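Student: Sequence and predicted structure below; questions after.
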Amino acid sequence: MIADIILIIAGALFVGVYVSWRAGRIDRLHARVDMARVALDVTLLRRGSLALELATSGLLDPATSLLLAAAVHEARNGDGPRDLAESDLTRALRAAFGQPGFRSSLSGIDGADELLAEVETASHQVFLARKFYNDLVGATRDARRRPLARTLRLAGRAKAPEFFEMDDSLLGDLGPGGHTMVTTSHE
Amino acid sequence: MKIGITCPYSWDVPGGVQQHIRDLAEALIDEGHEVSVITAADDDTPLPPYVVGAGRAVPVPYNGSVARLSFGFLSASRVRRWVRDGGFDVLHVHEPEIPSLSLLACWVATGPIVATVHTAIPRSRVLLVTYPVVRTGMEKIMGRIAVSEAARTTLVEHIGGDAVVIPNGVATRRYRKADPLPGWPGPGGAIGFLGRLDEPRKGLAVLLKAFEILGPERPGLRLLIAGPSGDAADVLARVPAGLRDRVVLLGQVSEEDKVRVLHSVDVFCSPNTGGESFGIVTAEAMAAGLPIVASDIEAFRQVLRGGEAGALFATGDPTDLARVAGGLLDDEPRRAELSAAAQAEVARYDWSVVARDVFQVYETVVLGSTQVAVAADARGWPA
């Protein structure tokens, strides 16, 4: 009899601890998603300001400059969806960097190589930050979808985080992964 | 006179600016002038004898849509060579605000430069941000033409200075007569739409919504849609299943078929939600003698004389479009009246008239000026 009671209490304790651990984990995941989102926003802003710096540097012809500046502007202040505007900025950068002989046409000009490398690095950081963010979003959404988490509403009122999808491969023809860019940025 | 004209968009993609340039160039050649047009085009695009390609046109997002443009240092050097070898008396750039050949031409050339602005883009900070880069070129423009009051306002706001308004020309002769497509318009009536399917500003979505209202109450009514880009299945998916067989998509059509399409419908619809400065397609439909139903944007209000030469509906409002289009479909005498008014109104825009106005601008800027030449200060870019 006493053994039964002890067993029930122990069982209840175990369940309680387990549930609170699961709830804590979901909570921590949400917090990490928020942090990753901030990091992603920072990398996007950084990429945008570097692209604008390149556009106004006088290194490029006015058409390419205008193209880049307009894309940065749309990503920052446009009223369209952010992911589409940022993808458009990627495409504008890709169009600029993808011109045959683009690098060699600028090499030797003061500060040009450094600025181009900075833009490429910033673009790669966007790729990384977005990947990390989406990994966390995936993990969080998985954790929230578990039956226990759903029945007991362990996520509370926190909204399920959304994936951030965009085109972030800097050079064309890289396929869906797009990380070949790493090699180009360290050439 | 030797005239050099720049076209910022890809020659092989149908568009208002390209057609404007083609008709203007041909009208000027008819008058005995020597004309060379440089355009964004892929190297293997077949071009008329007066057109020069400036190399690969790259699809890039700009100003809310994707355009095929020529930019970059390679295009810049092709433009420079064209200017150097052309010996032009006047350089006529179109849409110098678009990051493409016209902007590059302003950058590399000096001498009498005339610019035409087609599109009304609302004032944006972008041009101000990049102003130092763009300014060099813009300041060389000696005479400015806007194709509409709306475009003129944009130009005044963006660049400062003023412009003469010379409306777009329409080759009205070409549109007057054509055989309808077999089986059209049909007893239930037909509404026509011409324009890019994938560009939201062209307003196809508004027309499709209106058809959801009109379709069920008019069992024979059909939609005839022609335009490049966009997936037909995509468009049909937006139409309720019961109406799908009454929406006919032709895709991109040739110039000749376009005229036939216009003669295949009872009412022509221009549901644009903005961004249009003149609406060449609307004017062509007027030349074909079609009653027009157009959104109440400034450009259409003007070309349709505030509703006298075509019916207007509240921009972006499918219910109002359904009401106005329905009213027209039911009122044959009113359609005939609008048709006659449209044809009379559009005569003012015939290219023979317009090209003469444009030439007067050329004559003004060449006074006391030397020929067009390559600018010396273009930063030592490859010649």
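Tutor: Right, received. Where do you want to start? These figures come from a predicted structure and were not determined experimentally.
Student: where does chain A come near chain B, residue by residue?
Tutor: A:52, A:55-56, A:58, A:60-67, A:69-71, A:73-74, A:77, A:80, A:88, A:91-92, A:95-96, A:98-102, A:105 (CB under 8 Å from any CB of the partner chain). (Each C-beta comes from the backbone N, C-alpha and C, glycine too.)
Student: Narrow those to those in helices?
Tutor: If you go by DSSP state H, the residues of chain A next to chain B have A:52, A:55, A:62-67, A:69-71, A:73-74, A:77, A:88, A:91-92, A:95-96, A:102, A:105 in helices.
Student: Could you give me the ChimeraX syntax to select whichever of the residues of chain A next to chain B are buried?
Tutor: Those of those that count as buried under 16 or more other CB atoms under 10 Å in any protein chain shown are selected in ChimeraX with:
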select /A:52,55,56,60,61,62,63,64,65,66,67,69,70,71,73,74,88,91,92,95,96,99,102,105
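Student: Which strands or helices does the host helix or strand of residue B:356 pack on?
Tutor: Using DSSP states H and E, the element containing residue B:356 is helix B:351-366. Where contact means 3 or more CB pairs under 8 Å, 6 or more residues apart in numbering or on different chains; DSSP states H and E, helix B:351-366 is packed against helix B:16-30, strand B:90-94, strand B:113-117, strand B:141-146.
Student: Please name whichever of those is nearest to chain A.
Tutor: Closest to chain A of the helices and strands packed on helix B:351-366 is strand B:90-94 (CB to the nearest CB; 12.0 Å).
Student: ok, residue B:291 - contacts?
Tutor: B:266, B:267, B:268, B:310, B:311, B:328, B:334, B:335, B:338, B:339, B:342 (CB atoms under 8 Å, 6 or more residues apart in numbering or on different chains).
Student: can I get these in TSV with neighbour count and pLDDT?
Tutor: Converted to TSV, the contacts of residue B:291 look like this (neighbours: other CB atoms under 10 Å in any protein chain shown; pLDDT from 0 to 100):
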residue	neighbour count	pLDDT
B:266	21	91
B:267	24	92
B:268	27	93
B:310	28	90
B:311	22	90
B:328	22	89
B:334	14	90
B:335	17	90
B:338	25	91
B:339	18	91
B:342	26	92
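Student: Of those residues, which pair is most distant in space?
Tutor: B:268 and B:334 (14.5 Å; CB to CB).
Student: nearest spatial neighbour of the residue in the stretch 201-350 of chain B positioned nearest to chain A, skipping sequence neighbours?
Tutor: Using CB to the nearest CB, residue B:201 is the residue of the stretch 201-350 of chain B that sits closest to chain A, at 12.4 Å. Nearest residue to residue B:201, sequence neighbours excluded (CB to CB, 6 or more residues apart in numbering or on different chains): residue B:275, at 4.2 Å.
Student: Need the contact partners of stretch B:25-37.
Tutor: By CB under 8 Å, 6+ apart, stretch B:25-37 touches B:1-7, B:21-22, B:50-52, B:82, B:86, B:88, B:169, B:351-352, B:354-356, B:358-359.
Student: switch to 6 Å and redo it
Tutor: Residues outside stretch B:25-37 that contact it (CB atoms under 6 Å, 6 or more residues apart in numbering or on different chains): B:1, B:2, B:3, B:4, B:5, B:7, B:50, B:51, B:86, B:351, B:355.
Student: you'd agree the third one is in a strand?
Tutor: When you say that, I think you mean residue B:3. Yes. Assignment of residue B:3 by DSSP: H, G, I helix; E, B strand; the rest coil places it within a strand.
Student: That one - how many residues pack around it?
Tutor: 25 (other CB atoms under 10 Å in any protein chain shown).
Student: Please tell me how far the residue nearest to it when sequence neighbours are not counted sits from residue B:86.
Tutor: Spatial nearest neighbour of residue B:3, chain neighbours left out: residue B:35 (4.9 Å); criterion: CB to CB, 6+ apart. For residue B:35, the distance to residue B:86 equals 10 Å [CB to CB, to the nearest Å].
Student: likewise residue B:289?
Tutor: 40 Å.
Student: and what of residue A:14?
Tutor: 87 Å.
Student: So between the two, which is more surrounded?
Tutor: More neighbours surround residue B:86 than the other of residue A:14 and residue B:86, with 20 against 10 (other CB under 10 Å).
Student: quick one: contacts for the more buried one?
Tutor: Residue B:86 neighbours (CB under 6 Å, 6+ apart): B:4, B:36.
Student: Could you check how far it is from residue B:111?
Tutor: In this view, residue B:86 and residue B:111 are 11 Å apart by CB to CB.
Student: rewinding a little: so how far is the helix holding residue B:356 off the chain centroid?
Tutor: Helix B:351-366 sits 19 Å away from the centroid of its parent chain (CA atoms, centre = their mean, to the nearest Å).
Student: buried sites along it?
Tutor: In helix B:351-366, counting by 16+ other CB under 10 Å, buried: B:351, B:353, B:354, B:355, B:358, B:359, B:361, B:362, B:365, B:366.
Student: near chain A, which residues of chain B?
Tutor: B:58, B:60-62, B:71-73, B:76, B:99-100, B:103-104, B:107, B:126, B:129-130, B:133-134, B:137 (CB under 6 Å from any CB of the partner chain).
Student: mind listing which of these are in helices?
Tutor: B:72, B:73, B:76, B:103, B:104, B:107, B:126, B:129, B:133, B:134, B:137.
Student: So which residues of chain A form helices?
Tutor: Under DSSP H, chain A gives helices at A:2-55, A:62-77, A:82-97, A:102-106, A:112-145, A:147-151, A:181-185.
Student: Which of the ones you listed sits closest to residue B:209?
Tutor: Using CB to CB, the helices of chain A put helix A:82-97 closest to residue B:209, at 22.6 Å.
Student: re earlier: ranking the ones in helices among the residues of chain B next to chain A by neighbours, who comes first?
Tutor: residue B:104 (33 neighbours).
Student: so what's the spatially most central residue of chain A up against?
Tutor: The residue lying closest to the centre of chain A (CA atoms, centre = their mean) is residue A:130, at 1.8 Å. Shown in contact with residue A:130 (CB under 6 Å, 6+ apart): A:40, A:164, A:168.
Student: about what we covered before: I'd like the ones in helices among the residues of chain B next to chain A as JSON lines, with pLDDT appended.
Tutor: Formatted as JSON lines, these follow (pLDDT from 0 to 100):
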{"residue": "B:72", "pLDDT": "89"}
{"residue": "B:73", "pLDDT": "87"}
{"residue": "B:76", "pLDDT": "91"}
{"residue": "B:103", "pLDDT": "91"}
{"residue": "B:104", "pLDDT": "92"}
{"residue": "B:107", "pLDDT": "89"}
{"residue": "B:126", "pLDDT": "64"}
{"residue": "B:129", "pLDDT": "61"}
{"residue": "B:133", "pLDDT": "71"}
{"residue": "B:134", "pLDDT": "75"}
{"residue": "B:137", "pLDDT": "78"}
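Student: Export these as a markdown table, with columns for distance to residue B:183.
Tutor: Below are these laid out as a markdown table (distance: CB to CB, whole Å):
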| residue | distance to residue B:183 |
| --- | --- |
| B:72 | 48 |
| B:73 | 53 |
| B:76 | 51 |
| B:103 | 47 |
| B:104 | 48 |
| B:107 | 52 |
| B:126 | 48 |
| B:129 | 54 |
| B:133 | 54 |
| B:134 | 51 |
| B:137 | 52 |
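Student: Run through the stretch 151-300 of chain B and note the low-pLDDT ranges.
Tutor: Under the criterion pLDDT under 70, the flagged ranges of the stretch 151-300 of chain B are B:158-160, B:230, B:276-278.
Student: Go again with 80.
Tutor: Across the stretch 151-300 of chain B, residues meeting the criterion (pLDDT under 80) sit at B:154-161, B:168, B:198, B:229-233, B:275-280.
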